[in-house]
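> sequence and predicted structure are below.
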Amino acid sequence: MTCNVGNIDRMVRALSAVIVIAVALLFIETLVPKIILLAASVFLLLSAWFGVCYVYRTLGFDTAKPKAN
């Protein structure tokens with residue numbers, strides 16, 4: 001897998017995941033929306049950790065810096 005997520009994008013994804021986790025745990029009382037938000041945050045964290053976003057790949061986006069030859 002090639003990295004298609006840049007460093008700033010990774011930080012935004014990780015911060016967004018932390019915020020979504022906090023909202024889900026602190027403010028959402030019903031089970032189904034809480035599970036949906038937690039699952040979304042897991043996907044955000046995984047894409048931030050591995051640097052691969054399949055939505056970006058499908059749409060042809062690439063925010064990573066090109067590698068020098």
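Received it, and whenever you're ready, just let me know what you need.
> when you work out contacts or count neighbours from here on, use the C-alpha atoms and nothing else.
Noted.
> the residue positioned nearest the centre of the chain is in what secondary structure piece?
Compute the mean C-alpha point of the chain, and by Cα atoms, centre = their mean the closest residue is residue 44, 2.1 Å away. Here residue 44 sits within helix 31-50, counting by DSSP states H and E.
> on that earlier part again, distance of the residue nearest to the centre of the chain from residue 52?
10 Å (Cα to Cα, to the nearest Å).
> residue 9 too?
Distance, residue 9 to residue 52, using Cα to Cα: 11 Å.
> what about these two, which has more around it?
More crowded of residue 9 and residue 52, by other Cα atoms under 10 Å: residue 52, with 20 against 16.
> does that one count as helix, strand or coil?
What DSSP: H, G, I helix; E, B strand; the rest coil gives for residue 52 is coil.
> can you report phi and psi for it?
phi -130, psi 130 (degrees, to the nearest 10).
> contacting residues around it?
For residue 52, the contact set (Cα atoms under 8 Å, 6 or more residues apart in numbering) comprises 1-5.
> same question, residue 42
Residue 42 makes contact with residue 17 under the criterion Cα under 8 Å, 6+ apart.
> how much space separates the closest residue to residue 37 other than its chain neighbours from residue 44?
Take residue 37 and drop its neighbours on the chain: the residue closest to it by Cα to Cα, 6 or more residues apart in numbering is residue 24, 6.1 Å away. Separation of residue 24 from residue 44 (Cα to Cα): 14 Å.
> could you measure from residue 58 over to residue 4?
11 Å.
> show me the shaky parts of the protein.
Scanning the chain for pLDDT under 70 picks out 1, 68-69.
> repeat that with 50
Under the criterion pLDDT under 50, no range of the chain is flagged.
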